[in-house]
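Enquirer: predicted model, plus sequence, below.
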Amino acid sequence: MNENFIRGIRINWQQVEQGSYLHAIPALRSLHALEFTAPATLFVGENGTGKSTLLEAIAVAYGFNPEGGTLNYRFSTYDEGSGLSNALLPVKGVRRAKFGCFFRAESFFNVASKAEDYRGPTPKEAYYARYGGRALHEQSHGESFLAYVAALPRAGLYLMDEPEAALSPQRQLALLAHIHAMAGQGAQFLIATHSPILLGLPGAQLLCFDGGRVHPCQWQDTASYQVTAAFLQRRDAMLREMLDEEGAP
């Protein structure tokens, strides 16, 4: 039985303006329905294939702030709505998430600021204890991101757009461990990522956006894995080929 908070999505393309750039993204334009079959679903594919666009549309359609945060976060530093959220219907499960959060790498600073604003009367010492004893803005981007994730309720709904952007490989492994533990305790994750480390999450559903369609794939078949593995195994040869080509007249 599918116990996810969001079991899938439906898209009605008649509600997307004809002149919208969304019609020019093949993987999205061919998508009408999608089912999320695992506690963690990862979107993977080349830049521009629609991963982040779809993730944001799901987040906004579910009720999250477009720039990230929990369901009660409301702030805006720019207006960049894609319009896809108006045509997208989340298929909700029988369970309702008591907590949720939408993470965007480029706007996490604002989310951290709002977390401080929403502290209310909670004493600083008690509030900062949940983040390792320091304010989020007193930590590096990667440290604050992991501290925020580690303090989240175990059984929530979490959408993450390229969370690896702020993290070293070691911290990506730490995030993978957090996600795996939380998914085992009832959380659901939807993640857009290029990280071959995060894509190796055990039991995750991988959806590839390459080739003009959204389709299931295996870890070893993703370009993220294959390019990284090839570089690690054939670094000198690949560099020679690439640099010789760039230097050729």
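Expert: Thanks, I have the structure now. Remember, it's a predicted structure, so these values are computed and weren't measured experimentally.
Enquirer: alpha carbons only for contacts and neighbour counts from here, please
Expert: Fine.
Enquirer: what strand or helix carries Leu42?
Expert: strand 40-44 (DSSP states H and E).
Enquirer: same for the next helix or strand after that strand, what does it pack against?
Expert: Counting by DSSP H and E, the next helix or strand C-terminal to strand 40-44 is helix 51-62. Secondary-structure packing of helix 51-62 (3 or more CA pairs under 8 Å, 6 or more residues apart in numbering; DSSP states H and E): strand 88-92, strand 157-161, strand 188-192.
Enquirer: distance between the second one and the chain's centre?
Expert: I take that to be strand 157-161. Centroid separation for strand 157-161 versus its chain: 5 Å, with CA atoms, centre = their mean, to the nearest Å.
Enquirer: same question for the last one.
Expert: Taking CA atoms, centre = their mean, one finds strand 188-192 lying 5 Å from the centre of the chain it belongs to.
Enquirer: same deal with the first one?
Expert: The gap between where strand 88-92 is centred and where its chain is centred comes out at 17 Å by CA atoms, centre = their mean.
Enquirer: same question for stretch 161-172.
Expert: From the chain centre to the centre of stretch 161-172 is a distance of 11 Å (CA atoms, centre = their mean).
Enquirer: give me the residues contacting that stretch.
Expert: Contact with stretch 161-172 is made by 52, 55, 103-105, 141-142, 145-146, 191-195, 197-198, as judged by CA atoms under 8 Å, 6 or more residues apart in numbering.
Enquirer: among these, which one has the most neighbours?
Expert: For the contacts of stretch 161-172, counting by other CA atoms under 10 Å, the largest number of neighbours falls to Ala192: 29 neighbours.
Enquirer: can I get the helices and strands packed on helix 51-62 in JSON lines with mean pLDDT and distance to Gly212?
Expert: As requested, the helices and strands packed on helix 51-62 are exported to JSON lines (pLDDT from 0 to 100; distance: least, CA to CA, whole Å):
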{"stretch": "strand 88-92", "mean pLDDT": "96", "distance to Gly212": "19"}
{"stretch": "strand 157-161", "mean pLDDT": "95", "distance to Gly212": "20"}
{"stretch": "strand 188-192", "mean pLDDT": "97", "distance to Gly212": "17"}
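Enquirer: so, low pLDDT: which residues of the chain?
Expert: Applying pLDDT under 70 to the chain picks out residues 72-82, 105-142, 245-249.
Enquirer: all the helices of it, residue numbers only.
Expert: 26-29, 51-62, 108-117, 124-129, 141-150, 169-183, 223-233, 235-247 (DSSP state H).
Enquirer: most packed of these?
Expert: Of these, the one with the most neighbours on average (mean count of other CA atoms under 10 Å) is helix 51-62, at a mean of 22.
Enquirer: can I get it in PDB? Just the C-alpha atoms.
Expert: C-alpha atoms of helix 51-62 as PDB (Å, rounded to 0.1, in the frame of the first residue of the first chain):
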ATOM      1  CA  LYS A  51      13.500  18.700 -12.600                       C
ATOM      2  CA  SER A  52      13.500  21.800 -10.400                       C
ATOM      3  CA  THR A  53      10.500  23.300 -12.300                       C
ATOM      4  CA  LEU A  54       8.400  20.200 -11.500                       C
ATOM      5  CA  LEU A  55       9.600  20.100  -7.900                       C
ATOM      6  CA  GLU A  56       8.700  23.800  -7.300                       C
ATOM      7  CA  ALA A  57       5.300  23.300  -9.000                       C
ATOM      8  CA  ILE A  58       4.600  20.300  -6.600                       C
ATOM      9  CA  ALA A  59       5.700  22.400  -3.600                       C
ATOM     10  CA  VAL A  60       3.500  25.400  -4.500                       C
ATOM     11  CA  ALA A  61       0.500  23.300  -5.400                       C
ATOM     12  CA  TYR A  62       0.800  21.600  -2.000                       C
END
